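K.L.:
Predicted structure and sequence below. I'll ask about it afterward.
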Amino acid sequence: MKNSKIDTIIFDFGGVILDIDPQLTYNEFAKFGPKSFQEDQIQAIVRKFERGILTPEIFRKSMCDALGIKITERQFDDAWNALLLDIPSERIEIIEKVKSNYNTLLLSNSNEIHYDLYVRDLQLRFGYREFDSLFHKAYFSFDTHLAKPDPDAFEFIINQHDLKPEATLFIDDSAENIAVAKSLGLKTHLLQKPERVRDIFRNGKLKSDLEFS
């Protein structure tokens with residue numbers, strides 16, 4: 001399929017727009033000497049928080065209980081946010097140009113604590129009040145209560161905008177998310193290091209030689 005037939009682009013956030021390093025959060029929590037814990041239990045708690053089922057207060061307590069640690073709210077948030085690195089200014093500039101040529105949407109698995117930090121960064125550094133101003137529309141899992149790779153998360157955004165899957169490109173750094181999107185008929189591009197968003201576009205348009213399926 002030729003890139004010229006794409007009219008909508010759905011971006012993932014962490015790992016695509018925002019640089020992240022989850023190991024940094026593991027390292028920060030390790031400083032508080034957590035007991036041995038069940039990885040599945042931690043992931044289940046995080047998953048609920050990402051879908052907005054848990055409030056930040058309950059999330060902090062559930063995580064501390066699971067890790068067997070006692071720390072302040074500030075210490076917790078600093079450790080939890082450690083994985084969030086930076087939104088390079090060039091990516092904001094690229095999205096602004098892309099927005100003039102395509103319907104641009106953001107579909108992110110995220111949570112309230114992380115969101116509060118990077119939306120503040122978006123406001124202070126780039127002058128956007130919210131992500132709905134940078135993209136045509138932004139969707140965060142804690143707000144929609146739907147998270148990738150659940151098919152419902154993709155179907156929700158498709159139905160909200162009456163998208164044609166064959167004319168919609170989904171860009172993500174997760175192979176699992178890409179596989180589900182592809183199964184629903186979306187065109188996809190798996191962003192893998194060292195590739196960056198800047199390598200996908202030229203002058204606000206998809207490069208003609210971009211490979212996607």
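P.N.:
In hand now; what should we look at?
K.L.:
Which stretches in the chain count as strands?
P.N.:
8-11, 19-20, 84-86, 103-108, 137-140, 168-172, 187-190, 201-202, 205-206 (DSSP state E).
K.L.:
by contact count, what packs against the second one?
P.N.:
It stands for strand 19-20. Where contact means 3 or more C-beta pairs under 8 Å, 6 or more residues apart in numbering; DSSP states H and E, strand 19-20 is packed against strand 84-86. Where you see a C-beta, it was placed from the backbone N, CA and C, and this is true even at glycine.
K.L.:
how far does the strand it packs on sit from the chain's center?
P.N.:
12 Å (C-alpha atoms, centre = their mean, to the nearest Å).
K.L.:
Show me what that strand is packed up against.
P.N.:
With 3+ C-beta pairs under 8 Å, 6+ apart as the test, strand 84-86 has strand 19-20, helix 112-126 packed against it.
K.L.:
mind putting these in JSON lines, mean pLDDT and mean neighbour count included?
P.N.:
Putting those into JSON lines (pLDDT from 0 to 100; neighbours: other C-beta atoms under 10 Å) gives the following:
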{"stretch": "strand 19-20", "mean pLDDT": "96", "mean neighbour count": "16"}
{"stretch": "helix 112-126", "mean pLDDT": "96", "mean neighbour count": "15"}
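K.L.:
Can I get those in CSV including distance to residue 202?
P.N.:
Shown next, in CSV, are these (distance: least, C-beta to C-beta, whole Å):
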stretch, distance to residue 202
strand 19-20, 22
helix 112-126, 22
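K.L.:
out of these, nearest to residue 48?
P.N.:
Of all the helices and strands packed on strand 84-86, helix 112-126 sits nearest to residue 48, with 12.2 Å by C-beta to C-beta.
K.L.:
All set, thanks.
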